[in-house]
Every structure is written in structure tokens, then in C-alpha cells.
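In: here is a sequence with its predicted model. Questions after.
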Amino acid sequence: MPIREELQNFLNRYTAAYRVSDAAACAAIFVQNAELHSPFAPSAHRRDATHELHRIWTLEAGDENLVTVIDEGSTSELAWCLAAYSEAKATDDGTSLNLPERQADGTWLMHMCSLNSGEGWSLPREERSRVESNSYHGDGTEA
């Protein structure tokens, strides 16, 4: 499977948990010594701190939240990905730079995530249905 698809599937798991306000499942995608940096809250260091942030953030979660890979790269054990996120409120769009680590079982867990508020690229609202149907690759092409 191409790395873009692997990372998009990984972020889709996160998005699914976020949409249903499952803070524990959101935190479960992070390694134990993870870091999450955000302009919306103090930095979180360790998985339990990411859980606490997500407990607060997911109180207003909605089914329009999306995270879409824009660009990516990887080695056998470490990846990076620039992703756009969109939330129900237009002011909550932005990008995130993510560093997932491949685990011994082949799955990915997040080592570091840096959220950036909406000054950068964000997913056009008209493209959301294609993302939700998994037919959008984030580069303007469709499956």
C-alpha cells in the first residue's frame, strides 16, 4: 500500500474517533511519549496529556471534521505528513505536521503532531464528500 494511503487511513481512524467524541481513542493513536503542539492549548507531553486535551476538544466534535494528507514521506520506521484539517466551524481549519512511527506490528502511532491555525492551506468544503468516500487523494486526483 502506498505510504500516502497508509497515513490517510491512520488519520481516518483518528477522525472517526474525534467525530464521535471518543477522547480515549483519539489519544490511543499517540505513542506513550508523544508530543502535541497547538495554538489552541498548551503543549501536551505524553499520551495521557493528549487524552486530556482531546477530552476537552471533542466536546464540540461534529461529523464534518476531516483530516486529509497533503504531502508525505517515510523511511521504514518513521514518516512525516503534512495534513489539512477542517472542522464544522470555518475558523477551525488549518494544517498539521505529523511524525508517525511504525510499530512492531506494522501499524502507525503518532510521535509528534503540530497543529497550525487556518492561515495555511485547508480543504475546500466542496471536496469533503470525495474525502469522506475515500476517493480523494489530497493531490487533486481521484481513485
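Out: Right, received. Where do you want to start? Residues are numbered from 1 along each chain as shown.
In: low pLDDT regions in this protein?
Out: For the chain, the stretches flagged by pLDDT under 70 are 88-92, 118-143.
In: just the helices from this structure, written as ranges.
Out: Along the chain, counting by DSSP state H, helices occupy 3-19, 23-27, 47-57, 128-132.
In: out of those, nearest to residue 111?
Out: If you check each of the helices of the chain against residue 111 by CB to CB, helix 47-57 wins as the nearest, at 10.9 Å. All C-beta atoms are positioned from the backbone trio N, CA, C, and that covers glycine.
In: so the closest one versus helix 3-19, what angle?
Out: Angle of helix 47-57 versus helix 3-19, following axes from the mean of the first three to the mean of the last three CA atoms, to 10 degrees, is 60 degrees.
In: what helices or strands is helix 47-57 leaning on?
Out: Under the contact criterion of 3 or more CB pairs under 8 Å, 6 or more residues apart in numbering; DSSP states H and E, helix 47-57 touches helix 23-27, strand 30-38, strand 41-45.
In: what's next to the first one, contact-wise?
Out: Spelled out, it's helix 23-27. By CB atoms under 8 Å, 6 or more residues apart in numbering, the residues outside helix 23-27 that reach it are 13-14, 17-18, 47-48, 50-52, 54-55, 57-58.
In: of the residues you listed, select the buried ones using a PyMOL command.
Out: To isolate the buried subset of these in PyMOL, counting by 16 or more other CB atoms under 10 Å, use the following:
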select buried, resi 14+17+18+47+50+51+54+57+58
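In: which one of the contacts of helix 23-27 is nearest residue 96?
Out: residue 14 (10.3 Å).
In: isn't the closest one right up against residue 67?
Out: Yes. Counting by CB atoms under 8 Å, residue 14 does reach residue 67; the two are 6.5 Å apart.
In: on that earlier part again, please identify the most buried of the helices and strands packed on helix 47-57.
Out: Highest mean neighbour count among the helices and strands packed on helix 47-57 (mean count of other CB atoms under 10 Å): helix 23-27, with a mean of 19.
In: chain center to that one: distance?
Out: 12 Å (CA atoms, centre = their mean, to the nearest Å).
In: okay, and the beta partners of residue 82?
Out: Note on residue 82: beta-bridge partners by DSSP bridges are residue 71, residue 97.
In: this completes my enquiry, with thanks.
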